[in-house]
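> sequence-free structure coming up:
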C-alpha cells in the first residue's frame, strides 16, 4: 500500500504531497516509537526476577557499554540512503559496512576480556564486585549487538531509498516478538540472572530483525543488479576512500552524542539534590524520548525524498513544521497540566515529592522534540549534500555548550541537578541548530542552483 502510493517521480516538485510524505514517514515513526518502549519493557521483566536491584543496575551498565560500541554504526542508515544509488555503490558500501561491523565486534570481544572489563567497571567506574560480574555476563551476551545494528541499518537505508518503509516497521515487530519470546522463555524456564536474560533477549531481537530486513531487501538488490548494465554513471564512482571521508564525521557525531551522557551524570552528582535528580532524570528523558523518536525518524525521510536539486524542500519543510507544532502541543499539554501527575505518579510510580520535583524539568524539555525535528532536517540536508563535517561540528558545539553550562550552573547558581541538566540539554541543542542553519543554507542554495 505504502510503496504504491509513493512510487512517484520525487524529482518533480509538483509530484510530492503532504500525504506522500506522511505515508512514507509513518512506518519509520512507528519503528522509533516501538524501539522507545524496548528498554522499559526489558527493565520491567528484569524487575520481576530475583535480586532485581543489582540485576537492573548490571543490565543498565552493560546496555550503556554496548551503546558506546554501537555508536559508530548508528548513522549507517542515513549513509545507505544517501550513497546506495546503484548496485556498484551498494557493493562498495556493503564492504565498508562489513569492515566497520567486524572491527566493532572484535573491539567488544577484547573489551570483554576479564582483566580489561573488570579494570573498567570496578577500578574506573567503581562498581561492586557482584554487579560487575553480572554486567560482564550481560555484556558478553551483547557481543552480536553492534554488528547486528550496523547490518540492519545498512539494509534499512536501501529499503528507505526504494520506498519500502513499511518493511522497516515490520522488522521492528519481528525484533520485539523475538525479544519477547526469548525473554519469556528464559523467564519461565531459565535459571540465569536477570541481567543475562536482558542481554540474551536483546541480542536475539536485533539478530532476528537484521535477518528479516536482509531477506525483504533481496528483491530490491536483484533489481539494482539487473539495472547496473543500463545505468549511465555521471558522477564519480564511489570507493572506500570516498565512503570513509563521508562517513567518519557521522560516526564521530554519534560518539559525541552518546559521550555527552557520562559528563552530565558526573556534573549532576556534584550539584544540589543529586539523588533526587538521578531518580527523576531517567523518567523525564525516557518520556521525552517517546516524542523525540518521531523527530529522529524524519532524517532519513528528508534524505530520501528531498530530490537531487532539493526540489521537494518546501513540501518537506512544511511537513516538518506541522510535526514540530504537533509534538510541542501534545507534550506541552501534558507537561503544563495535571496530566503530568498521571504520568509521573500513576504510571512512572514516583512519590509525591519526586513528582513535584520532576515537573519543572519536564516543562523545560517539552520543547526538545521540536528541536529534534529541526536538527534531523538540517542533518539530512547536509548528508544529502555530502557536507558531513558540519554535522560533527554542530554536535561538538552542542557538547561544549552542555559541559560549560553544567559547570556554570554547579558553581555559579543554586539550581538543582535535574534543572541544570535539562536547561543544558535544551540550550546545547539550540546552539547546535543555530550553527547548522549556516551550512544548511549554503547547501540548499548550491543544490537549488544545479542544472
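All right, it came through fine. Please read these numbers as outputs of a predicted model, since none were measured by experiment.

> alpha carbons only for contacts and neighbour counts from here, please
Noted.

> give me the number of residues near residue 30?
Neighbourhood size, residue 30 [other Cα atoms under 10 Å]: 20.

> so who does it touch?
Residue 30 makes contacts with 169, 294, as judged by Cα atoms under 8 Å, 6 or more residues apart in numbering.

> low-confidence ranges, the stretch 101-250 of the chain, go.
Along the stretch 101-250 of the chain, the parts satisfying pLDDT under 70 run over 125, 229-236.

> which stretches of it form helices?
114-118, 129-141, 145-161, 166-189, 194-216, 218-227, 240-269 (DSSP state H, counting those that start in this stretch).

> now the ones you listed in a markdown table, with distance to residue 104 and mean neighbour count?
What follows is the helices of the stretch 101-250 of the chain, written out as a markdown table (distance: least, Cα to Cα, whole Å; neighbours: other Cα atoms under 10 Å):
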| stretch | distance to residue 104 | mean neighbour count |
| --- | --- | --- |
| helix 114-118 | 16 | 14 |
| helix 129-141 | 14 | 22 |
| helix 145-161 | 7 | 26 |
| helix 166-189 | 21 | 19 |
| helix 194-216 | 15 | 24 |
| helix 218-227 | 26 | 14 |
| helix 240-269 | 12 | 17 |
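
> who's in contact with residue 34?
Contact analysis of residue 34 by Cα under 8 Å, 6+ apart lists 172, 173.

> ok so, going back, nearest to residue 355, of the helices of the stretch 101-250 of the chain?
Closest to residue 355 of those, according to Cα to Cα: helix 240-269, at 18.3 Å.

> the closest one: how far from the chain's middle?
Distance of helix 240-269 from the chain centroid (Cα atoms, centre = their mean, to the nearest Å) equals 12 Å.

> do the same with stretch 361-373
From the chain centre to the centre of stretch 361-373 is a distance of 16 Å (Cα atoms, centre = their mean).

> avg pLDDT for the helix or strand encompassing residue 381?
Taking DSSP states H and E as the definition, residue 381 sits inside helix 368-385. The average pLDDT for helix 368-385 rounds to 94.

> quick one on the thing from earlier: in JSON lines, list the helices of the stretch 101-250 of the chain along with distance to residue 56.
Below are the helices of the stretch 101-250 of the chain laid out as JSON lines (distance: least, Cα to Cα, whole Å):
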{"stretch": "helix 114-118", "distance to residue 56": "18"}
{"stretch": "helix 129-141", "distance to residue 56": "9"}
{"stretch": "helix 145-161", "distance to residue 56": "19"}
{"stretch": "helix 166-189", "distance to residue 56": "15"}
{"stretch": "helix 194-216", "distance to residue 56": "7"}
{"stretch": "helix 218-227", "distance to residue 56": "39"}
{"stretch": "helix 240-269", "distance to residue 56": "18"}
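
> among those, which is nearest residue 49?
Among those, the nearest to residue 49 by Cα to Cα is helix 194-216 (5.9 Å).

> tell me the angle that closest one makes with helix 145-161.
Between helix 194-216 and helix 145-161, the angle comes out at 30 degrees (axes from the mean of the first three to the mean of the last three Cα atoms, to 10 degrees).

> list the contacts of residue 298.
Applying Cα under 8 Å, 6+ apart to residue 298 gives the contacts 25, 28, 29, 373, 376, 377.

> picking that back up, out of the helices of the stretch 101-250 of the chain, which gets nearest to residue 369?
That would be helix 240-269 among the helices of the stretch 101-250 of the chain, by Cα to Cα, at 15.7 Å.

> what angle do helix 368-385 and the closest one make with each other?
Using the same axes, to 10 degrees: helix 240-269 against helix 368-385 is 160 degrees.
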